[in-house]
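Novice: sharing a model prediction with you, sequence too.
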Amino acid sequence: MGVVRLVLRRCLFAGLAMVLVLGAVEGGAWVWERQHPIGMRNIPIPAPSRLADESLSRAFLDRLTVERASLGHGTPMVEDEQRGWAMPPSSVVWKGEVPCRINSMGMRGPEVAAKTADELRLLSLGDSTVFGHGVLEDDVFTVVAARHLAERSGRAVSWAIGAVPGHDSGQALVTLQTYGGAVQPTWVLLGTLWSDIYAKPDARPSNAPFEELSGPLRRLATYRVARRMLAPWLTARKVRWIDSRSDIGVDPDGSESRVPIKEYISNLDRMAQMARRLGATPVFMALPAPMDFDQTPPPLIVERYRAAMKLVAERQEGIFVDGPATFRDEGAGIGWFMDEVHPSTEGHAVLGEALAEGIWKKGAGL
């Protein structure tokens, strides 16, 4: 009996000691985390404009590489109750090889100021293509279009990039519902496509067990600090992009897609109607892709969704910009893309000019 008590007492003391040690580690991690907030940067971020290569010294580029590695190479997202995820407000994030400033609304670009009486404003919604993956802020087609419109109209034209990587039309709709009144757009650009036709998540291998485990662990400062320390060696979480035709739902009615075509049409209709209620003109853009320049035509599902967008644009008396046709007219090809869906800087320039031309011809809001 005495031996059992001795063993129990030792187990109790060992357990208590373990709790105290773990508590001390957690407390130390909590203190360290508050002394080293993620948003803190030791080096300046390049201005949101095209920078000549010679303006960036090798030392500066090396420091950028170290800084980026310390924050992880993925694009950070924050949970959003209505949209699932969003860009972290008031931060700087990396998209491709480009640092992107995010304002307090979680939109790419500067803070959205109160609109003046003579000011025009373009709000763009969509996924990473509209966000401007891998493209400097000044080169994103939304910004390019705003510049062209300002030059043609002689009026101030501001812009707001409300697109979020990975967002589909339903999430874009919620963004417009949430921020449309504050932005006060003159035009609302609807560029949702790829995230809508992407194959349903349940058709992909699931990492649910890891998610179930990591969810509760995120409440521990020890776990969060460890993730930050190990970030350069961990695979960053990211929203997957279309990297092959196998990633697209193949059923013509969109039943295998993330957003079925009927729901896609409904979302576009609702966004167009909401834009009208805000006093804005809805503008639709069918996004181009390298598959448009293959010897074989794009998958039928892609053509169906683009046709649906054009139909809604006509029904809602909006402006329709045909991205693939614009690229073909300009003699573009796969060299105008960085990957399977994201246009290069040259591609954004063409899309921006086409967007401005479409708005100008319609005379909407001018």
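Specialist: Received it, and whenever you're ready, just let me know what you need.

Novice: tell me how many other residues crowd the closest residue to residue 110 other than its chain neighbours.
Specialist: Excluding its sequence neighbours, the residue lying closest to residue 110 (Cβ to Cβ, 6 or more residues apart in numbering) is residue 103, at 6.2 Å. Placement of C-beta: from N, CA and C, glycine included. For residue 103, the neighbour count with other Cβ atoms under 10 Å is 17.

Novice: what's the answer for residue 261, then?
Specialist: Residue 261 - counted by other Cβ under 10 Å - has 21 other residues nearby.

Novice: helices of the protein, start to end?
Specialist: For the chain, the helices defined by DSSP state H cover 2-35, 58-71, 128-131, 141-153, 169-183, 194-197, 208-217, 221-230, 261-277, 300-315, 323-329, 345-362.

Novice: lowest average pLDDT across those?
Specialist: When those are compared on average pLDDT, helix 208-217 comes out lowest at a mean of 47.

Novice: which residues touch stretch 339-348?
Specialist: Here stretch 339-348 makes contact (Cβ atoms under 8 Å, 6 or more residues apart in numbering) with 50, 96, 128-129, 132-136, 139-141, 144, 194, 241-244, 287-291, 327, 332, 335-338, 350-351.

Novice: quick one: closest of the helices of the chain to residue 81.
Specialist: Of all those, helix 169-183 sits nearest to residue 81, with 9.9 Å by Cβ to Cβ.

Novice: distance of the residue nearest to residue 110 relative to residue 308?
Specialist: Noted for residue 103: a distance of 32 Å to residue 308, by Cβ to Cβ, to the nearest Å.

Novice: kindly report the same for residue 98.
Specialist: As judged by Cβ to Cβ, residue 98 and residue 308 stand 32 Å apart.

Novice: quick revisit: so how do I select the buried members of the contacts of stretch 339-348 in ChimeraX?
Specialist: Buried residues among the contacts of stretch 339-348 (16 or more other Cβ atoms under 10 Å), as a ChimeraX selection:
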select :128,129,132,133,134,135,136,139,140,141,144,194,241,242,287,288,289,290,291,327,332,336,337,338,350,351
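
Novice: redo the helices of the chain as TSV? Include distance to residue 110.
Specialist: Shown next, in TSV, are those (distance: least, Cβ to Cβ, whole Å):
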stretch	distance to residue 110
helix 2-35	28
helix 58-71	22
helix 128-131	15
helix 141-153	11
helix 169-183	12
helix 194-197	25
helix 208-217	34
helix 221-230	28
helix 261-277	22
helix 300-315	29
helix 323-329	26
helix 345-362	18
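
Novice: hmm, residue 291 and residue 337 touching each other?
Specialist: No - using Cβ atoms under 8 Å, residue 337 is not in contact with residue 291, being 9.9 Å away.

Novice: what pLDDT does residue 45 get?
Specialist: Residue 45 is given a pLDDT of 35.

Novice: list the contacts of residue 158.
Specialist: 112-113, 115, 119-122, 146.

Novice: pull out the buried members of those.
Specialist: Neighbour counting over those (16+ other Cβ under 10 Å) leaves 112, 120-122, 146 as the buried ones.

Novice: okay, and which of those residues map to strands?
Specialist: 120-122 (DSSP state E).

Novice: could you find the closest non-adjacent residue to the most centrally placed residue in the chain?
Specialist: Centrality entry for the chain: nearest residue to the mean C-alpha point is residue 165, 2.1 Å, by Cα atoms, centre = their mean. Distance criterion Cβ to Cβ, 6+ apart; nearest residue to residue 165, sequence neighbours excluded, is residue 128 at 3.9 Å.

Novice: same question for residue 302.
Specialist: In space, residue 302 is closest to residue 197, 6.5 Å off (Cβ to Cβ, 6+ apart).

Novice: tally of neighbours for the one you found?
Specialist: Residues contacting residue 197 under the criterion other Cβ under 10 Å number 27.

Novice: just residue 145 next, same as before
Specialist: 29.

Novice: the one 5 residues further on too?
Specialist: Other residues within reach of residue 150, judged by other Cβ under 10 Å, total 16.

Novice: also the one 5 residues further on?
Specialist: Residue 155 sits with 15 neighbouring residues when counted by other Cβ under 10 Å.

Novice: can we start the residue count at 829 from this point?
Specialist: In the new numbering, first residue 829, that becomes residue 983.

Novice: wait, it sits on residue 949?
Specialist: No - in this structure, residue 983 is not within contact of residue 949 by Cβ under 8 Å, at 10.7 Å.

Novice: residue 1011 reaches residue 949, doesn't it?
Specialist: Yes - Residue 1011 is within contact range of residue 949, at 6.7 Å (criterion: Cβ under 8 Å).

Novice: any common contacting residues for these two?
Specialist: Shared contacts of residue 1011 and residue 949, counting by Cβ under 8 Å, 6+ apart, come down to residue 988.

Novice: related to what we said a few turns ago, so for residue 926 and residue 1136, which sits in the more crowded spot?
Specialist: A count of neighbours by other Cβ under 10 Å puts residue 1136 above the other of residue 926 and residue 1136, at 19 against 16.

Novice: find the nearest non-adjacent residue to the more buried one, please.
Specialist: Using Cβ to Cβ, 6+ apart and skipping the chain neighbours, the partner closest in space to residue 1136 is residue 1093 (5.2 Å).
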